[in-house]
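Q: Whatever this is, show me its structure:
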Amino acid sequence: AKRGVDVRVLTAGDETDVMMTTYASRARYEELLEGGVRLYEYKPVMIHAKTFVVDGLWSSIGTLNFDNRSLALNNESNLVSIDATLAAAMTSMYFDDLSRSTEIKLEQFRKRPWREKMYERGANLLSRIL
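A: Take a look at the predicted model:
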């Protein structure tokens, strides 16, 4: 039997300093949701850290965006670790953050206003320079 992969993404919600970036991200939501990724938007405040945990062992935390601009131009950094204790602590914090987030569901997302879809398409066209 094939083992399922549980992928969850917590991203910034409407509390952001660059709403165009949020719209560009949302332009990809439908594709991710159709692929089985669970998406959440954090509600209380803006978030900037990029973190992930893989298989409860490998983790990363920092400010690096995985795009050409950040990789080539920006002065960003990440801490990468292979440590089960750190991964467990980060996982615990992640699930705590999910409790203050809203899960995006595919059918509901498809019903968003046409104006938001228009903003997403426009921001997506500019996403390479954001």
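Q: Just name the shakiest helix or strand of the chain by mean pLDDT.
A: Least confident helix or strand of the chain, by mean pLDDT, DSSP states H and E, is helix 68-72 with a mean of 74.
Q: Run through the chain and note the low-pLDDT ranges.
A: 1-5, 128-130 (pLDDT under 70).
Q: which other helices and strands contact the lengthiest helix in it?
A: Criterion DSSP state H: the longest helix present in the chain is helix 84-98. Judged by 3 or more C-beta pairs under 8 Å, 6 or more residues apart in numbering; DSSP states H and E, helix 84-98 is in contact with strand 8-12, strand 50-54, strand 58-62. From N, CA and C alone the C-beta is placed, and that goes for glycine too.
Q: closest to D97 out of those?
A: Between D97 and the helices and strands packed on helix 84-98, the tightest spacing by C-beta to C-beta is seen for strand 8-12, at 5.9 Å.
Q: So which other helices or strands are in contact with whichever helix or strand comes after the closest one?
A: Sequence-wise, the next helix or strand downstream of strand 8-12 (DSSP states H and E) is helix 19-26. Applying 3+ C-beta pairs under 8 Å, 6+ apart, we find helix 19-26 packed against strand 8-12, helix 114-125.
Q: could you give the angle of the longest one to helix 19-26?
A: Right, helix 114-125. Using axes from the mean of the first three to the mean of the last three C-alpha atoms, to 10 degrees, the direction of helix 114-125 lies 90 degrees away from that of helix 19-26.
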